[in-house]
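**Q** let's see this in three dimensions:
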Amino acid sequence: MLINIKIASDAKKWLEEWLEPSYCGCEFGSGFSTIWLAQRVKQLVSVDHDKAWYGIVNDAMEQFDIKNVDLICEPSLILYHKAVDKYNKTFDFVFIDGYKSKRVECVNETYKKVRPNGILILDDSHKPYHSSIFKLLNDWERMDFKSPCKTGGYRYTSIWIKKDNTENGNT
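**A** Just a heads-up that it's a prediction; the model follows:
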């Protein structure tokens, strides 16, 4: 059984085409996305700050027999965005959908870990507090997705592709 990821529907379709079973990724904000991504990739590092939610996600991973996720609970909001520093490797993708006030710090901490031609995904990308992310990744190719929500309003997701000729994200 596959779980649905809650991002803009066209972004989901794009990701379904782009993701490969050999990919390794990182996400901030565990949940449905953790299960959805884990069912499609080789390895996922998933970080959340909420201990109770961490337990729920961990139980869901057991229920779905997910064994390719390193689930991290980092309740300290001072250390949250640094939770993947111990991974001395690049990621094929980084997905930012976690603690709202730490998203900019999460991007600042991880964008250099995205491999050339890898991607960074930001859900709720239309929020004004994300403007510095758009500036930081200005030289990456960007795709913006918008789709209506069943409950009203819209869901916005942006995906940046790190160009092969960029060094650590910026030229």
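
**Q** hey, let's count contacts and neighbours off CA atoms from now on
**A** Will do.

**Q** which residues of the protein fall in strands?
**A** 24-28, 43-48, 69-73, 91-96, 114-123, 141-148, 154-161 (DSSP state E).

**Q** want to throw those into CSV with distance to residue 58, mean pLDDT and mean neighbour count?
**A** Converted to CSV, the strands of the chain look like this (distance: least, Cα to Cα, whole Å; pLDDT from 0 to 100; neighbours: other Cα atoms under 10 Å):
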stretch, distance to residue 58, mean pLDDT, mean neighbour count
strand 24-28, 15, 97, 26
strand 43-48, 11, 98, 24
strand 69-73, 7, 97, 18
strand 91-96, 18, 98, 25
strand 114-123, 22, 97, 22
strand 141-148, 29, 96, 15
strand 154-161, 25, 96, 21
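
**Q** residue 56: neighbour count?
**A** If you count neighbours by other Cα atoms under 10 Å, residue 56 ends up with 13.

**Q** could you dump the strands of the chain to JSON lines with distance to residue 15?
**A** Putting the strands of the chain into JSON lines (distance: least, Cα to Cα, whole Å) gives the following:
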{"stretch": "strand 24-28", "distance to residue 15": "13"}
{"stretch": "strand 43-48", "distance to residue 15": "15"}
{"stretch": "strand 69-73", "distance to residue 15": "18"}
{"stretch": "strand 91-96", "distance to residue 15": "10"}
{"stretch": "strand 114-123", "distance to residue 15": "10"}
{"stretch": "strand 141-148", "distance to residue 15": "12"}
{"stretch": "strand 154-161", "distance to residue 15": "9"}
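
**Q** mind checking which of the ones you listed is nearest residue 57?
**A** strand 69-73 (8.6 Å; Cα to Cα).

**Q** mind giving me the packing neighbours of that closest one?
**A** The helices and strands touching strand 69-73, judged by 3 or more Cα pairs under 8 Å, 6 or more residues apart in numbering; DSSP states H and E, are strand 43-48, helix 51-63.

**Q** now the first one, how far from the chain's geometric center?
**A** Translated: strand 43-48. Its chain's average C-alpha position is 9 Å from that of strand 43-48, according to Cα atoms, centre = their mean, to the nearest Å.

**Q** cool, stretch 86-106 as well?
**A** Centroid separation for stretch 86-106 versus its chain: 6 Å, with Cα atoms, centre = their mean.

**Q** ok, residues contacting it?
**A** Stretch 86-106 has contacts (Cα atoms under 8 Å, 6 or more residues apart in numbering) with 23-30, 48-49, 77, 80-82, 107, 110-111, 113-115, 118-124, 130, 132-133.

**Q** distance of the residue nearest to the spatial centre of the chain relative to residue 4?
**A** The centre of the chain sits closest to residue 95, judged by Cα atoms, centre = their mean, with a distance of 0.9 Å. Residue 95 is 15 Å from residue 4, where distance means Cα to Cα, to the nearest Å.
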